[in-house]
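Chemist: A structural model of the following input is requested.
(6 chains)
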Protein chains: 4
Amino acid sequence: MAPRKGQQIFQATLELLATRGYEGLTVEGVAERSGVNKTTIYRWWPSKAALLAAALVETDLLAMETPDTGSLRKDLEALVHGMIALLTQPPAADVAVAALGAAVHHPELATAAQHFFADRLARETAVFDRARRRGELRDTADPMLIMDLLAGAVWLRVVFRGLPLDDDFAAAAVAAVLDGVA
Amino acid sequence: MAPRKGQQIFQATLELLATRGYEGLTVEGVAERSGVNKTTIYRWWPSKAALLAAALVETDLLAMETPDTGSLRKDLEALVHGMIALLTQPPAADVAVAALGAAVHHPELATAAQHFFADRLARETAVFDRARRRGELRDTADPMLIMDLLAGAVWLRVVFRGLPLDDDFAAAAVAAVLDGVA
Amino acid sequence: MAPRKGQQIFQATLELLATRGYEGLTVEGVAERSGVNKTTIYRWWPSKAALLAAALVETDLLAMETPDTGSLRKDLEALVHGMIALLTQPPAADVAVAALGAAVHHPELATAAQHFFADRLARETAVFDRARRRGELRDTADPMLIMDLLAGAVWLRVVFRGLPLDDDFAAAAVAAVLDGVA
Amino acid sequence: MAPRKGQQIFQATLELLATRGYEGLTVEGVAERSGVNKTTIYRWWPSKAALLAAALVETDLLAMETPDTGSLRKDLEALVHGMIALLTQPPAADVAVAALGAAVHHPELATAAQHFFADRLARETAVFDRARRRGELRDTADPMLIMDLLAGAVWLRVVFRGLPLDDDFAAAAVAAVLDGVA
DNA sequence: ATATAAACGAGACGGTACGTCCCGTCTTACG
DNA sequence: CGTAAGACGGGACGTACCGTCTCGTTTATAT
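Modeler: A predicted model of the protein is given here:
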């Protein structure tokens, strides 16, 4: 259940998204770039957002690695690092930021975003499980909350505040959450 | 330096944004709704994003109150509460989420978002100053970091995960940051 | 040399022509309505016009009766009557007018129209032969011319002038041609 | 109330109609050929048929001359001649036949056709008035009927029978109507 | 009865044109 | 003489059919 040139279409979709942004991503542009007729795209996906969501599912551009350094602090710093890279290092950042930004406005992409974060959390759980076994984490600690604090801060800093993030930020953020600020 | 029907234009802009979303917000729609010619809008603002940025500056829909409960924890919980309300309670939420979402794609709005968060931080600073005076906060604690962790988590939960947030979340998030999870 | 569901196809063709007009008659519509795949239609007829031409050949919706009242005048009036009915009484009129109108633009249908009128003329010849035997017609009179004058007038009135035609018109037209107006 | 390049649009419309037929007449084609954007055409005319109707009203390609030879027979022969020319001599014939053929299917064009024939009849009336004054016409003779017989026969012969028409036809047709065939 | 060929259905595709929406610019008339 | 109405070129939208193609699956007939 996929068009014959599905890969070209997805690739063109992500390329256009990365280079021209979400509003510059047009079905006509994708069609031209992927050597497919516009009709074919509409035959398979009802909207630009649905097409992009499908392309995002297929790509491994946004894949994450699950760190396992032996220390929760280091693992979390690595995760924050990965998040920073995801939102700042081209070409993944162009895709990730634009797609997450568009998810605000489009249900199909919102769903994709939910899957994206749910999938990440599933992998991150391993980190917390190991930490808990090592006694590095309180029993009451909530992994989703911790990751949302950290990842949310990265998003806010990078996208909303437009500030650059360095290694120190990762360390400081992780420290704040692990050790508290009071 | 403002058109005669500036208020109607801004109001129409925010109404359209709230009801139809960012993509449904069109210059033509604003013109029609505010009884002004499209040309007039283009004379004063170069783009939809700039118009919206201006409208956001003028509105008090997104204003915040600075809590002063006598306790940092309570103050932070109140701030998180406010953030949750901002992103979930209509009509402010429709405007705030759409505008912040669009800021990802549009420089003018990104600038507005930066001002928005800078302005909030300036007010929040009072909370931290008081807390520091009361000895509720380490000297090394970074207010901006703390607020980014908390506000970022709210954004991520509400917008990217699509999850509802309640009072417990505010308390838990503040506790994590204040007390640490290790 | 006909598809298995030929009758359904022809019926669907004429139905669509009658209800939606020539432009609303589409191969896809015929395929759907007749429970046949679009490919099958294209296997047998090269175009919409060819399909319609074939359907018209098969139908007896446009058949005529040859009058024989014993009087040329009465016979001609009956023929004019039949022509009026053909162009004004549904459902035949919907098909006949649309098909003849389309014949202007499409060679296949033009050929069908020529056959249609040639066939009618062959039958009408009997009327004139009898009249000539009865001495009701000059030797020099040209049956085709007479019929073209009468039938042409009906077409022009009904289709181009959009006027309703009644019995008096038939009588007056026949009188003009039989008796002259000078 | 007309677009700035109205003349170019009308000209392109009639050219395309003449060269490519009614179905080959496309709004996009007219737009391109007349150096106008498609949007502009839709701004002024709701459909292809309406555009064509407007173009036909403006053109003098289909204008007729009113003969005045001093004899009804000659005048009528001249009128039939003109009708034959209108339906057979390019470029007028391409436009006239296609437009009248399309009038069968489109209300706007049907209206235009009615005006066209009504206008012709108004001019032809002069011929009949003169003839009546000269005593060449019975008092009961109906000009519209006479013209419909003659013009209808020309249409039927040329378009539906696909036969060539010569001077003899004009003479014979006029003779039949003036003198009768009985 | 069964092979075999014709006919068919399913459905993807490139393509053209449709008619619409909105963009941002430009012309023009008027107050 | 500047402002505002609105006409304009332009790009993309999403849709409808077109006519073509490939590929299995019936369905009849002719051994």
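Chemist: Count the neighbours of A:Leu145 for me.
Modeler: Using other CB atoms under 10 Å in any protein chain shown, the number of residues around A:Leu145 comes to 19. Quick note: C-beta positions are derived from backbone N, CA and C, even for glycine.
Chemist: From A:Lys74, how far out is A:Leu156?
Modeler: Noted for A:Leu156: a distance of 23 Å to A:Lys74, by CB to CB, to the nearest Å.
Chemist: With A:Val158 instead?
Modeler: 22 Å.
Chemist: So those two - more neighbours on which side?
Modeler: When A:Val158 and A:Lys74 are compared for neighbours, A:Val158 comes out ahead with 20 against 15, by other CB under 10 Å.
Chemist: Measure how buried the spatially closest residue to that one that is not a sequence neighbour is and give me the count.
Modeler: Leaving aside its chain neighbours, A:Val158 sits nearest to A:Leu87 (4.6 Å; criterion: CB to CB, 6 or more residues apart in numbering or on different chains). Counted with other CB under 10 Å, residues neighbouring A:Leu87 total 19.
Chemist: and the gap between A:Leu87 and B:Leu72?
Modeler: Counting by CB to CB - A:Leu87 and B:Leu72 are separated by 30 Å.
Chemist: what's the answer for A:Val30, then?
Modeler: From A:Val30 to B:Leu72 the distance is 51 Å (CB to CB).
Chemist: more neighbours, the two?
Modeler: A:Val30 (27 against 23).
Chemist: my guess is that one contacts A:Leu14, does it?
Modeler: No. At 9.7 Å, A:Val30 does not count as touching A:Leu14 under the criterion of CB atoms under 8 Å.
Chemist: does A:Ala2 count as helix, strand or coil?
Modeler: coil (DSSP: H, G, I helix; E, B strand; the rest coil).
Chemist: what about chain A, any weak spots by pLDDT?
Modeler: Within chain A, the stretches with pLDDT under 70 are A:1.
Chemist: Spell out which parts of it neighbour DNA strand E.
Modeler: With CB under 7 Å from any atom of the strand as the criterion, chain A meets DNA strand E at residues A:Pro3, A:Arg4, A:Lys5, A:Gly35, A:Val36, A:Asn37, A:Lys38, A:Thr39, A:Thr40, A:Arg43, A:Trp44.
Chemist: Break chain A down into its structural domains.
Modeler: As assigned by automatic domain parsing, chain A contains the domains A:6-58, A:72-179.
Chemist: how far out from the middle of the chain is the last one?
Modeler: Read that as domain A:72-179. 9 Å (CA atoms, centre = their mean, to the nearest Å).
Chemist: how long is it end to end?
Modeler: End-to-end distance for domain A:72-179: 12 Å, by CA to CA, to the nearest Å.
Chemist: So which of the residues of chain A next to DNA strand E wins on neighbours?
Modeler: Highest count within the residues of chain A next to DNA strand E by other CB under 10 Å belongs to A:Val36, 20 neighbours.
Chemist: so how far is C:Glu28 from that one?
Modeler: Counting by CB to CB - A:Val36 and C:Glu28 are separated by 22 Å.
Chemist: Please identify which helix or strand holds A:Thr13.
Modeler: Using DSSP states H and E, A:Thr13 maps to helix A:6-24.
Chemist: right, and A:Val27 touches A:Lys48 too?
Modeler: Yes. The pair A:Val27 / A:Lys48 is scored as a contact, 5.9 Å apart, by CB under 8 Å.
Chemist: Looking at the two, which is more packed in?
Modeler: A:Lys48 (21 against 16).
Chemist: Give the full set of residues in contact with that one.
Modeler: By CB atoms under 8 Å, 6 or more residues apart in numbering or on different chains, the residues touching A:Lys48 are A:Leu25, A:Thr26, A:Val27.
Chemist: now it: how far from A:Leu16?
Modeler: A:Lys48 is 10 Å from A:Leu16, where distance means CB to CB.
Chemist: how about the helix holding A:Thr13: buried residues?
Modeler: Neighbour counts over helix A:6-24 (16 or more other CB atoms under 10 Å in any protein chain shown) mark A:6, A:9-18, A:21-22 as buried.
Chemist: For A:Pro90, give its distance to D:Asn37.
Modeler: 37 Å.
Chemist: which helix of chain A spans the most residues?
Modeler: In chain A, with assignment by DSSP state H, the single longest helix is helix A:107-134.
Chemist: Against which helices or strands is that helix packed?
Modeler: With contacts defined as 3 or more CB pairs under 8 Å, 6 or more residues apart in numbering or on different chains; DSSP states H and E, the packing partners of helix A:107-134 are helix A:48-58, helix A:72-88, helix A:92-103, helix A:143-155.
Chemist: A:Gly162: neighbour count?
Modeler: 14.
Chemist: Go ahead and report the secondary structure state at it.
Modeler: coil.
Chemist: check contacts around it.
Modeler: For A:Gly162, the contact set (CB under 8 Å, 6+ apart) comprises B:Ala110, B:Gln114.
Chemist: ok, so what distance separates it from chain D?
Modeler: As judged by CB to the nearest CB, to the nearest Å, A:Gly162 and chain D stand 38 Å apart.
Chemist: Excluding chain neighbours, what is closest to A:Pro107?
Modeler: Counting by CB to CB, 6+ apart, A:Pro107 lies nearest to A:Ala49, which is 7.5 Å off, once chain neighbours are set aside.
Chemist: host element of the closest residue to A:Glu15 other than its chain neighbours?
Modeler: Leaving out its chain neighbours, the residue that sits closest to A:Glu15 by CB to CB, 6+ apart is A:Arg33, at 6.9 Å. Element membership for A:Arg33, per DSSP H and E: helix A:27-34.
Chemist: Which strands or helices does that helix pack on?
Modeler: Judged by 3+ CB pairs under 8 Å, 6+ apart, helix A:27-34 is in contact with helix A:6-24, helix A:38-44, helix A:48-58.
Chemist: Out of those helices, which gets nearest to C:Ala141?
Modeler: helix A:38-44 (59.7 Å; CB to CB).
Chemist: Quick one: distance of the closest one to the chain centre.
Modeler: With CA atoms, centre = their mean, you get 27 Å for helix A:38-44.
Chemist: touching chain C at all, that helix?
Modeler: No. Helix A:38-44 stays clear of chain C (CB under 8 Å from any CB of the partner chain), getting no nearer than 14.0 Å.
Chemist: Is that helix positioned near chain D?
Modeler: No. Interface with chain D: helix A:38-44 contributes nothing (CB under 8 Å from any CB), its closest point being 15.5 Å away.
Chemist: Can I get that helix in PDB? Just the C-alpha atoms.
Modeler: The C-alpha coordinates for helix A:38-44 follow below in PDB (Å, rounded to 0.1, in the frame of the first residue of the first chain):
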ATOM      1  CA  LYS A  38       0.800  15.600  -8.300                       C
ATOM      2  CA  THR A  39      -2.200  13.400  -8.600                       C
ATOM      3  CA  THR A  40      -0.300  10.400  -7.400                       C
ATOM      4  CA  ILE A  41       0.600  12.200  -4.200                       C
ATOM      5  CA  TYR A  42      -3.000  13.100  -3.500                       C
ATOM      6  CA  ARG A  43      -4.000   9.500  -4.300                       C
ATOM      7  CA  TRP A  44      -2.000   8.300  -1.300                       C
END
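Chemist: what does it contact?
Modeler: Helix A:38-44 is contacted from outside by A:Ala2, A:Pro3, A:Lys5, A:Ile9, A:Val27, A:Glu28, A:Val30, A:Ala31, A:Leu51, using CB under 8 Å, 6+ apart.
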